[in-house]
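1. Any chance you can model this:
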Amino acid sequence: MRFLEKIFQSISQQVLPSACIVCERHQLNSICAQCLQSLRTDGLLNFECCFQCGITLKMPELKEQRCKQCKINPPYFDKTYCLDRYEGALQNAIHQLKYQKRLAHAHGLANVWNQLLPKQLENSNASFLLPVPLSTQKLSSRGFNQSWEIARRIHCNPSIQKLPRALKRHHHEIKQAGGGLSARRLAIRDMFYLDDNFMPLLQGENVIVFDDVMTSGATLNEIARVLKDNGASHVTNWVLLRTARAPHV
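-> Below is the predicted model of the structure:
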């Protein structure tokens, strides 16, 4: 499958005009060399981040590589890998994908992920990768799940099976903005569930959950809870963009 994708990409680059998803200058690739180098130099990969939730660490937290919040109120997920800050260079590309339905940006964002993330991630020993789902209503309205459109294009160990339909989401309009982390976790409680057909596959397995943006971490925490309650042994988050720590935290 990856071989066919490379052939299609090669043909597309030769036949179709392209523009950098960051600076939007017209050129051959989905991201130009200059913007890619900027992300390589200034992205979250070059900062000390909490191994569990991916937030950038303050000086007292550096020794344990874990933030204060994760120590006080440990999440259900075990590790988090983030490519860049939400407020950084890729924010507009995410918005173009989600709200302007420019699906070509999913290819560009996955291309950045594939070029910048450490190879040991690609060779993860996890068994399954699940994108964060949309509710049926939201999926119908948007027309696609942005997390899956990126996740389906990222490179993984061939042993990792991508399961876009294993995780489901109920449709409830909730507002997570405002309030503390505990309030946001409570607001999203029981929002996700697993398709019965996939439950036997997850018993004792390491699972990756892919999301486009991580804010408070409440959504990914609830998903990890559901996965572990249904037999998964280890949950790792792969996140494209991570929001900054709240000023008071």
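
2. Show me the shaky parts of the chain.
-> Applying pLDDT under 70 to the chain flags residues 1-17, 172-181, 246-249.

3. ranges for the strands of it?
-> Counting by DSSP state E, the chain has strands at residues 18-19, 26-27, 79-85, 128-131, 161-162, 167-169, 192-194, 206-214, 234-242.

4. So which elements touch the third one?
-> Secondary-structure packing of strand 79-85 (3 or more Cβ pairs under 8 Å, 6 or more residues apart in numbering; DSSP states H and E): helix 104-116, strand 234-242. Bear in mind the C-beta positions are built from the backbone N, C-alpha and C, glycine included.

5. Now it: buried residues?
-> For strand 79-85, burial by neighbour count (16 or more other Cβ atoms under 10 Å) applies to 80-85.

6. nearest to Val112, of those?
-> Top of the list for closeness to Val112, among the buried residues of strand 79-85 and by Cβ to Cβ, is Leu83 at 7.0 Å.

7. I'd say that closest one and Trp113 touch.
-> Yes. Between Leu83 and Trp113 there is a contact under Cβ atoms under 8 Å: 5.9 Å.

8. Excluding chain neighbours, what is closest to Arg66?
-> Cys50 (5.3 Å; Cβ to Cβ, 6 or more residues apart in numbering).

9. Pull the number of nearby residues for the one you found.
-> Counted by other Cβ atoms under 10 Å, the residues lying close to Cys50 total 22.

10. Just confirm it contacts Leu62, I think it does.
-> No. In this structure, Cys50 is not within contact of Leu62 by Cβ under 8 Å, at 10.1 Å.

11. can you pull the contacts of Leu201?
-> With contacts defined as Cβ atoms under 8 Å, 6 or more residues apart in numbering, the neighbours of Leu201 are 127-128, 163, 166.

12. Could you point out which of the residues you listed is nearest to Leu103?
-> The closest of the contacts of Leu201, once distances to Leu103 are taken by Cβ to Cβ, is Leu163, at 20.9 Å.

13. Can you report how many residues neighbour the closest one?
-> 18.

14. what about Asp195, neighbour count?
-> Neighbour count for Asp195, taken as other Cβ under 10 Å: 11.

15. and it, how far is that from Asp229?
-> 15 Å (Cβ to Cβ, to the nearest Å).

16. And Met191, by the same measure?
-> 14 Å.

17. Over to Gly217?
-> 18 Å.

18. Which of the two has more residues huddled nearby?
-> For Gly217 versus Asp229, neighbours defined as other Cβ under 10 Å are more numerous around Gly217 (26 against 10).

19. Find the nearest non-adjacent residue to that one, please.
-> Sequence neighbours aside, Cys53 is the residue nearest to Gly217 in space, at 5.3 Å (criterion: Cβ to Cβ, 6+ apart).
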